[in-house]
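In: using only what follows, build the 3D model:
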Amino acid sequence: MSYVPFIPENAPFNAGQRLWLNGFLAGLFAAGEQADAATKQPPGRPGASVLILFGSQTGTAEKLARQVAKEAKTRGSGARVMDAAAHSTLDWKAEKNLLVVTSTYGDGDMPDNAQDFWNWLQTDAAAAMAHLNYSVLALGDNSYEHFCAAGKKIDTRLEQLGAKRIHPLVDCDLDYEARAKAWMGGALSALLVAEISTQTAEVAEPASAAGNLGGEYSKTNPFPARLLANRLLNGEGSEKETRHFEIALEGSGLNYEAGDALGVWPANCPALVNEVLNALGADGEEAVPVNGHDLPLRKALSECYDITRPAPELLQNIAAHNAALRELLAPERKDELRTWLRGREVIDLLREAPAARFVPAEFVALLKKLAPRLYSISSSPKAHAGQVHLTVNIVRYNAHGRARKGVTSTFLADRATERTPVPVFVQPSHGFRLPAEGDIPIILVGPGTGVAPFRAFLHERRATGAKGRNWLLFGEQRAATDFYYRDELERMLADGHLTKLSTAFSRDQAEKIYVQHRMIEHAAELWTWLREGAHFYVCGDASRMAKDVDAALHKVIETAGGLGADGAEEFVRKLKAEKRYQRDVY
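Out: Below is the predicted model:
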């Protein structure tokens, strides 16, 4: 029997490092096994053939899936990358190896393109997957209660169906690169070591994904952009602070399309960095390791680590000096822990456990890595060449006796200037696009900052001379103070570019009115647009708004369309399959 080397649990590495090293060792072992077996196999015999299925809301999971395919090819394996929405086109009995890369959105929901796949997994037909070897990479954001729930559900269901998990599920937070790379190496090595299949296939990679859309600049090498404009969109007396930002891209080689997102790498608030340093009793000049290099502690806390959301490792460490927190970490009290953590930051934990003492290098190892924030782009490159625009809610609130700030939003609002580089990259959103034919009508539902990509869509349609009808449903708190881009939207309405503008200002009357209520009010007209081929788009909050809008859409089709509940469900399913129902939700 062959022995696969591994890093033991008691080795001096954290979980992420151990995972990466185990994947690396498995890869070395597989390479050695292949070399030993080369003389016993026919020349040119390929490695295992693998199907890589992605569920993606913003494009990150799709990008990773294609990276897995490229890595598989370098290892001599055949690979095919497929959208989870295309699952029904597959002959599952002919498949042998499956790798799933999926994100989670909202309150533990499947990405839009993976929902039908998930529904199908609950049927008897999914028994055809019982013979598969599989592994799952789950992407998420652990600030949400149901972290990586979509990937975990798929992983569990495949096991229930009888499929063989050949490599453990790996869940990734926003700083996913290292864990994703470790999973990639481990999963592919497991396939090769097992020598499961000798069939191979080429990666079918569309031309749009073949090149580097952002030139030499990317998430790991962001472009130091220049801020051109920072304008408040709210009127006096508003309860919100929403800003319009314009950022120069000249010289970056970055290209984007209407519907894409812009990633912004922030720096932490200097005042908060000082508070953390004071709590640690540090002067900020202490050297700490960051990605294989030593940096001064102050710089590391400013630019590399999240000093707002406490990581589980820090909670465990602080709990040794805080009995109340130690009790809250019991598994059965996770809801109470979530409530207790709401509004608390790293500085609060340090102050609530003054007996805790940290060596700087040990302290940073207990923190999350600082992650970029993705914002829906609110401009069209055809209308604003060399620029990208953002529409951002600035997060400020008070909790536990202290003022709190959103990391990226206040970086843009307060600290970014024309002389302060704003590190950015483009995040393509392949599943959120205008119809290719300009004469197709579109319905845009974008309350609050959800209007951002629809401003881009409207500018794009004007720049390209598209003649299709445009209907925007926009909502916020008050018309007098929170009607973002009012002047330009009303000009579009006046000149006919915007066919219909429906607004819902929740605080302008006793009973709150939201965009979903306007949909019901205009049900007959909305149904007519859909029946005539309109594409339906939603952008904004996933946890409540998107679900309420989806329910309203079903209601419109059920009643105005006369299709009943089952008919409405089928109609919406077809809308999604035809890419006529697209969502950019977060």
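
In: longest strand in the protein, by residue count?
Out: In the chain, taking DSSP state E as the definition, the longest strand is strand 223-232.

In: what angle do the helix or strand just after it and strand 223-232 make?
Out: Following strand 223-232 in sequence order, the next helix or strand is strand 242-248 (DSSP states H and E). Using axes from the mean of the first three to the mean of the last three Cα atoms, to 10 degrees, the direction of strand 242-248 lies 140 degrees away from that of strand 223-232.

In: what's the neighbour count on residue 487?
Out: Other residues lying near residue 487 total 8 when counted by other Cβ atoms under 10 Å. No exception for glycine: its C-beta is placed from N, CA and C like everyone else's.

In: element containing it?
Out: Following DSSP H and E, one finds residue 487 within helix 486-494.

In: that helix - contacts with which helices or strands?
Out: The helices and strands touching helix 486-494, judged by 3 or more Cβ pairs under 8 Å, 6 or more residues apart in numbering; DSSP states H and E, are helix 452-463, strand 470-476, strand 500-505.

In: let me know which of those is the nearest to residue 342.
Out: Residue 342 sits nearest to strand 470-476 of all these, at 24.5 Å, using Cβ to Cβ.

In: list the buried residues in the closest one.
Out: Buried residues in strand 470-476, counting neighbours by 16 or more other Cβ atoms under 10 Å, are found at 470-476.

In: turn those into TSV, including distance to residue 352 and pLDDT.
Out: Shown next, in TSV, are these (distance: Cβ to Cβ, whole Å; pLDDT from 0 to 100):
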residue	distance to residue 352	pLDDT
470	52	98
471	51	98
472	47	98
473	45	98
474	43	98
475	40	97
476	37	98
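
In: hang on, the earlier thing: so what strands line up beside the longest strand of the chain?
Out: Using DSSP bridges, strand 223-232 pairs in its sheet with strand 242-248 (antiparallel), strand 422-427 (antiparallel).

In: so how far is the first one off the chain centroid?
Out: How far strand 242-248 lies from its chain's middle: 21 Å, per Cα atoms, centre = their mean, to the nearest Å.

In: low pLDDT regions in this structure?
Out: Scanning the chain for pLDDT under 70 picks out the ranges 1-48, 193-215.

In: what's the helix or strand hosting residue 538 packed up against?
Out: In the assignment (DSSP H and E), residue 538 maps to strand 535-540. Helices and strands touching strand 535-540, by 3+ Cβ pairs under 8 Å, 6+ apart, are strand 442-445, helix 452-463, helix 545-559, strand 581-585.

In: could you provide those in a markdown table, with additional columns for distance to residue 120 and mean neighbour count?
Out: Listed next are the helices and strands packed on strand 535-540 as a markdown table, based on distance: least, Cβ to Cβ, whole Å; neighbours: other Cβ atoms under 10 Å:
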| stretch | distance to residue 120 | mean neighbour count |
| --- | --- | --- |
| strand 442-445 | 27 | 25 |
| helix 452-463 | 30 | 24 |
| helix 545-559 | 19 | 19 |
| strand 581-585 | 18 | 23 |
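
In: dump the ones you listed into TSV; add distance to residue 111 as well.
Out: Supplementary listing: those in TSV, determined by distance: least, Cβ to Cβ, whole Å:
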stretch	distance to residue 111
strand 442-445	18
helix 452-463	17
helix 545-559	12
strand 581-585	9
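
In: wait, which of the ones you listed is closest to residue 364?
Out: Across the helices and strands packed on strand 535-540, residue 364 has its closest neighbour in strand 581-585 (33.2 Å, Cβ to Cβ).

In: who's in contact with the nearest residue to residue 283 once chain neighbours are set aside?
Out: The spatially closest residue to residue 283, leaving aside those adjacent along the chain, is residue 277, at 7.1 Å (Cβ to Cβ, 6 or more residues apart in numbering). The neighbours of residue 277, taking Cβ atoms under 8 Å, 6 or more residues apart in numbering as the test, are 283-284, 297-298, 301.

In: any chance of those in JSON lines, with neighbour count, secondary structure and distance to residue 218 too?
Out: Converted to JSON lines, the contacts of residue 277 look like this (neighbours: other Cβ atoms under 10 Å; DSSP: H, G, I helix; E, B strand; the rest coil; distance: Cβ to Cβ, whole Å):
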{"residue": "283", "neighbour count": "11", "secondary structure": "coil", "distance to residue 218": "35"}
{"residue": "284", "neighbour count": "18", "secondary structure": "coil", "distance to residue 218": "30"}
{"residue": "297", "neighbour count": "24", "secondary structure": "helix", "distance to residue 218": "27"}
{"residue": "298", "neighbour count": "19", "secondary structure": "helix", "distance to residue 218": "27"}
{"residue": "301", "neighbour count": "30", "secondary structure": "helix", "distance to residue 218": "24"}
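
In: if we can go back for a sec, so what strands line up beside the strand holding residue 538?
Out: Short version: by DSSP bridges, strand 535-540 pairs with strand 442-445 (parallel), strand 581-585 (parallel).

In: could I get those strands in TSV, plus columns for distance to residue 221?
Out: Below are these laid out as TSV (distance: least, Cβ to Cβ, whole Å):
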stretch	distance to residue 221
strand 442-445	34
strand 581-585	25
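
In: list just the one of those that sits closest to residue 506.
Out: Shortest distance between residue 506 and the strands paired with strand 535-540, using Cβ to Cβ, is found for strand 442-445: 14.8 Å.

In: C-alpha coordinates for that closest one, PDB please?
Out: Below are the C-alpha coordinates for strand 442-445, written out as PDB (Å, rounded to 0.1, in the frame of the first residue of the first chain):
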ATOM      1  CA  ILE A 442     -35.700  46.100 -19.800                       C
ATOM      2  CA  ILE A 443     -37.200  46.400 -16.300                       C
ATOM      3  CA  LEU A 444     -34.800  47.600 -13.600                       C
ATOM      4  CA  VAL A 445     -35.600  47.300  -9.900                       C
END
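
In: which residues touch it?
Out: With contact meaning Cβ under 8 Å, 6+ apart, strand 442-445 is reached by 434-435, 454, 457-458, 461, 468-473, 515, 519, 526, 529-530, 534-540, 549.

In: let's see it at 6 Å
Out: Applying Cβ atoms under 6 Å, 6 or more residues apart in numbering, the contact partners of strand 442-445 are 454, 470-473, 515, 529, 534-538, 549.

In: repeat that for stretch 257-274.
Out: Residues outside stretch 257-274 that contact it (Cβ under 6 Å, 6+ apart): 219, 222, 301-303, 307, 372-377, 380, 388, 405, 407-408, 411, 423-429, 432-433, 453, 456-457, 460.

In: start and end of that stretch, how far apart?
Out: In stretch 257-274, first residue to last residue: 40 Å (Cα to Cα, to the nearest Å).

In: please enumerate the strands of the stretch 251-400 of the chain.
Out: Along the stretch 251-400 of the chain, the segments classed as strands by DSSP state E, counting those that start in this stretch run 261-264, 287-290, 293-296, 305-306, 368-369, 373-376, 387-393, 396-399.

In: quick one: which of those strands is nearest residue 489?
Out: strand 387-393 (12.7 Å).

In: centroid residue for this structure?
Out: Centroid-nearest residue in the chain: residue 58, 5.5 Å away (criterion: Cα atoms, centre = their mean).

In: number of nearby residues for the closest residue to that residue other than its chain neighbours?
Out: Among residues not flanking residue 58 along the chain, residue 429 sits closest, at 5.6 Å (Cβ to Cβ, 6+ apart). Residue 429 has 25 neighbours, counted by other Cβ under 10 Å.

In: contact partners for residue 429?
Out: Contact partners of residue 429, counting by Cβ under 6 Å, 6+ apart, are 58-59, 259-261.

In: which element is it on?
Out: Using DSSP H and E, residue 429 sits within no helix or strand.

In: I'd like the distance between it and residue 288.
Out: Separation of residue 429 from residue 288 (Cβ to Cβ, to the nearest Å) stands at 35 Å.
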